[in-house]
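Trainee: What shape does this take:
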Amino acid sequence: MMNKALLLPLAAIWLALTSLAAPAAEVTLRVHHFLGEDTLPHRQVIAPWARHVEQLSKGRIKVEISPAMTLGGKAPELIAQAETGVVDIIWTAAAYTPGRFARTEVFTLPLVHGGDPVATNLAIRALYEGELSYEFEKLHPLLIHVHQGHVLHMGHVTVKSAPDLKGRVIRPPGRRVGRWTIEAMGAAVTKKRHPKLPKALEQNKLDGALMSFQLADSMGVIEAVKSHTLLGEGQYFGTSLYLFLMNKARYDALPEDLQQVIDAASGADFARAVGAVYQKAGAAAMQAALQRGNSIITPDAEARAEFEQLLQETITKWARDLNSRGIDGLQLVMRARRMIARNTAR
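Mentor: This next block holds a predicted model:
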C-alpha cells in the first residue's frame, strides 16, 4: 500500500500539472442575443465564432453565450447594452432599432442587395471604414451581415405581377425599408404583429409575409402558404441587416495579441462563411417549399420591370431620409452596388 505521507505531495503535483494543461482564461467575454439556442444564428454564427476565438487564444479567452435575453432586457435594448458595457458582445437585428443604422441600411434595399449574401457581407466590410463607421462610435463590429433575401410568401393569393398585390395585406420585415417596399408595390402593411403568423395566414387574416425563405421555414410559414414570389431568378425584394457587435472600450482594453485573435476570427473568411450559411439555408427552405407542392414564382421580364420601377420609390424614400441627415443617399446606393458587384462570384 502506498505510504500516506506520499499522497499529499503526489496530489499537489497532479493539481499543478492539470493547472498547466488547462490554464484559467484571462478574459471572459459575455455574448447576449434574443434568439433561442436551436436557431440558425446561435448554432451556425455565434457559437462557432465563440469556439474559434477560444481555440485561437489557446484558452486565454472564454466566451459565454446567453441566448433568449437571459441576461435581462428586451431585444431593442441590445445595442444600448453593448454601447454601455452591460454586456461585452451582442448579436441582433437592425430592425429592432429602426433608423439607428441608416447608412448601413443601404445594403438592405431592393435593387441594391441582389441575392448573394456573401457578396453583400464582403461589400459591407469594404465600405465600413469610409462610409459606415460613423454609426458605430462606441462599438467594434465583429460582423455586419445579411440573409439571402426577402420573398413574398402568399397564403391564398398568387402574385405574378405587381397588380396582384393591390389591396393585399402583408406582414413587413421591418418598420422602415421593409414597410416602404411593401407600400411601393401597392400592398398594405398589416397593423397587427400576428405573433402566430402561420395561423393568421391559414385563417386569411392577412394575405402574406415578406421575409426570407430560411425564416419562413423556421417559423412554419412555408406550411401555411401556397406560393412564394421572388423578384427574379436569384433576385429578392431586399434583405435584412444583422449586427454582431462588441463594446469598443472592452475591445480596446484587450492586450494587443488578444485583439488580433478577435480580428482573426472576425475577418473576411467569417463574412464569407456566414453568407454561405444563409445561402445554403435559403436553398434548403426553398426545396422544402417545393416538396410540399408550393409554387415558386419568378415574374416574367415585363412583370419584373414593373416591380423594379415601383421599387425605385423605396430607394427614393430611403435616400430622402438620408439627405435629411446630411448624407448623399443616392451616392451611397451607387457605392454599395459597385462594391457588391466587385465581390460577386469571388
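Trainee: can we go C-alpha only for contacts and neighbour counts from here?
Mentor: Noted.
Trainee: how does this structure divide into domains?
Mentor: Split into domains by automatic domain parsing, the chain comes to 24-99+114-146+239-281, 151-238+285-343.
Trainee: Residue 59: how many residues sit nearby?
Mentor: 17 (other Cα atoms under 10 Å).
Trainee: For residue 52, see how far away it is.
Mentor: 10 Å (Cα to Cα, to the nearest Å).
Trainee: just to revisit the earlier point, Throw the domains of the chain into CSV and include distance to residue 105, thanks.
Mentor: Below are the domains of the chain laid out as CSV (distance: least, Cα to Cα, whole Å):
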stretch, distance to residue 105
domain 24-99+114-146+239-281, 7
domain 151-238+285-343, 8
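Trainee: pretty sure residue 64 is touching residue 33, no?
Mentor: No - counting by Cα atoms under 8 Å, residue 64 does not reach residue 33; the two are 11.5 Å apart.
Trainee: Pass me the low-pLDDT residue ranges in the stretch 1-150 of the chain, would you?
Mentor: Filtered on pLDDT under 70, the stretch 1-150 of the chain yields the residue ranges 1-23.
Trainee: What are the boundaries of the strands in it?
Mentor: 27-33, 61-66, 89-93, 139-146 (DSSP state E, counting those that start in this stretch).
Trainee: And the next helix or strand past the longest one?
Mentor: So the one you mean is strand 139-146. Tracing the chain past strand 139-146, the next element assigned as helix or strand by DSSP states H and E is strand 151-154.
Trainee: Name the residues of that following strand that are buried.
Mentor: Neighbour counts over strand 151-154 (16 or more other Cα atoms under 10 Å) mark 151, 152, 153, 154 as buried.
Trainee: The last one and residue 166, how far apart?
Mentor: As defined by Cα to Cα, residue 154 lies at a distance of 13 Å from residue 166.
Trainee: ok so, going back, residue 64 and residue 33: which has the busier surroundings?
Mentor: Comparing residue 64 with residue 33 by other Cα under 10 Å, the one with more neighbours is residue 33, at 25 against 16.
Trainee: winner for burial among the strands of the stretch 1-150 of the chain?
Mentor: strand 89-93 (a mean of 26; mean count of other Cα atoms under 10 Å).
Trainee: Kindly export that one (C-alpha atoms) in CSV.
Mentor: Output of strand 89-93 as CSV, limited to C-alpha atoms (Å, rounded to 0.1, in the frame of the first residue of the first chain):
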residue,chain,number,x,y,z
ILE,A,89,-20.9,41.5,-27.3
ILE,A,90,-24.4,41.3,-28.8
TRP,A,91,-26.0,39.9,-31.9
THR,A,92,-29.2,41.5,-33.0
ALA,A,93,-31.4,42.5,-35.9
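Trainee: For that strand, which strands pair with it and how are they oriented?
Mentor: Paired neighbours of strand 89-93 in the sheet (DSSP bridges): strand 27-33 (parallel), strand 241-247 (antiparallel).
Trainee: what comes into contact with that strand?
Mentor: 29-34, 46, 75, 78-79, 81-82, 240-247 (Cα atoms under 8 Å, 6 or more residues apart in numbering).
Trainee: Count the residues that sit near the nearest residue to residue 212 once chain neighbours are set aside.
Mentor: Once flanking residues are discounted, residue 212 sits nearest to residue 150: 4.4 Å by Cα to Cα, 6 or more residues apart in numbering. Using other Cα under 10 Å, residue 150 has 29 neighbouring residues.
Trainee: so residue 150 sits right up against residue 232, yeah?
Mentor: No - counting by Cα under 8 Å, residue 150 sits too far from residue 232 to count as a contact (11.6 Å).
Trainee: which residues does the most centrally placed residue in the chain contact?
Mentor: Against the mean C-alpha coordinate of the chain, by Cα atoms, centre = their mean, the closest residue is residue 242 at 3.0 Å. For residue 242, the contacting residues are 91, 92, 93, 94, 144, 145, 146, by Cα under 8 Å, 6+ apart.
Trainee: if you set the cut-off to 6 Å instead, what comes out?
Mentor: Contacts for residue 242 (Cα atoms under 6 Å, 6 or more residues apart in numbering) come out as 92, 93, 94, 144, 145, 146.
Trainee: Would you check how far apart the fourth one and residue 284 are?
Mentor: Spelled out, it's residue 144. Applying Cα to Cα to residue 144 and residue 284 gives a distance of 23 Å.
Trainee: And for the fifth one?
Mentor: Per Cα to Cα, residue 145 is found 20 Å from residue 284.
Trainee: now the third one
Mentor: Remark: distance between residue 94 and residue 284 (Cα to Cα) = 25 Å.
Trainee: Looking at those two now, which is surrounded by more residues?
Mentor: residue 94 (21 against 15).
Trainee: Select, out of the strands of the stretch 1-150 of the chain, the one closest to residue 261.
Mentor: The closest of those to residue 261 is strand 61-66. By Cα to Cα, the value is 9.2 Å.
Trainee: measure stretch 257-273 end to end?
Mentor: Taking Cα to Cα, stretch 257-273 runs 24 Å from one end to the other.
Trainee: contact partners of that stretch?
Mentor: With Cα under 6 Å, 6+ apart, stretch 257-273 has contacts from 118, 121, 142.
Trainee: go on, stretch 69-82?
Mentor: By Cα under 6 Å, 6+ apart, stretch 69-82 touches 33, 34, 87, 88, 89, 96, 247.
Trainee: can you pick the most crowded of those residues?
Mentor: In terms of neighbour count, residue 89 stands highest of those at 30 neighbours, by other Cα under 10 Å.
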